[in-house]
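1. here are the coordinates; sequence isn't available:
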């Protein structure tokens, strides 16, 4: 089962992210044909991507997350749009998250401890809190990637609508259709 642990975002954040996507599309003009914008219903803040987890590990993972994730209480706000990596190699456009980012990092460490407790290996990439807005197609040239990154870098921050995070979710990701399907398996608070 393909899994990740995430913070679910409210509809107000989804609306703001969608409006930001429209602003990005207008800002980059014809280059937006090279971008795959994320459906707002799929947006979230990934704490840890687990990848494929054997079915027999799920009960242990659930128990470990239940034990390690209580309590959850982190205040966040939306930040500015940006991209990952050097401009000529950028692949992802995202919306930043600010506020109690250290509190989010503590949640990630607690998730990591739960994964270790359950014997589940996870992606140990450096945590950078964000909401993915769009991905660039593979065939986009370095010059076009640079132009997109620069244009996104000039965009203003959206209204910093605040969010009080009181739970995290264990989510199953099913691929194979025109877009992934996300199912929340459990919530921990």
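-> Sure thing, it's come through. Being a predicted model, the structure only gives us computed values, none of them experimental.

2. For burial, what's the neighbour tally of residue 174?
-> Neighbouring residues of residue 174 were enumerated by other CB atoms under 10 Å; the total is 11. C-beta coordinates here come from the backbone N, C-alpha and C atoms, glycine included.

3. Tell me the spacing between it and residue 51.
-> Distance, residue 174 to residue 51, using CB to CB, to the nearest Å: 13 Å.

4. For residue 135, pull up the helix or strand it's in.
-> When secondary structure is defined by DSSP states H and E, residue 135 falls within strand 130-136.

5. returning to that earlier point: find the residues that touch each one of residue 174 and residue 51.
-> Overlap of the contact sets of residue 174 and residue 51 (by CB atoms under 8 Å, 6 or more residues apart in numbering) consists of residue 2.

6. can you give me the helices for the chain?
-> Along the chain, the segments classed as helices by DSSP state H run 11-28, 58-68, 101-118, 142-153.

7. export those helices to TSV and tack on mean pLDDT, distance to residue 165 and mean neighbour count?
-> Written out in TSV, the entries for the helices of the chain read as follows (pLDDT from 0 to 100; distance: least, CB to CB, whole Å; neighbours: other CB atoms under 10 Å):
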stretch	mean pLDDT	distance to residue 165	mean neighbour count
helix 11-28	94	11	17
helix 58-68	96	15	17
helix 101-118	95	8	18
helix 142-153	95	25	17
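
8. Could you name the stretch from the ones you listed that's closest to residue 82?
-> The closest of these to residue 82 is helix 142-153. By CB to CB, the value is 6.4 Å.

9. chain center to stretch 179-189: distance?
-> A distance of 13 Å separates the centroid of the chain from that of stretch 179-189, by CA atoms, centre = their mean, to the nearest Å.

10. cool, stretch 37-45 as well?
-> Between the mean C-alpha location of stretch 37-45 and the chain-wide mean there is a distance of 8 Å, by CA atoms, centre = their mean.

11. What distance do you get for the residue most central in space within the chain to residue 68?
-> Closest residue to the average C-alpha location of the chain: residue 45 at 3.5 Å, with CA atoms, centre = their mean. When CB to CB is applied, the distance between residue 45 and residue 68 equals 18 Å.

12. now residue 166
-> As for residue 166, its distance to residue 68 is 16 Å (criterion: CB to CB).

13. can you pull the buried residues of stretch 78-88?
-> Of the residues in stretch 78-88, those scored as buried under the neighbour-count criterion (16 or more other CB atoms under 10 Å) are 78-83, 87.
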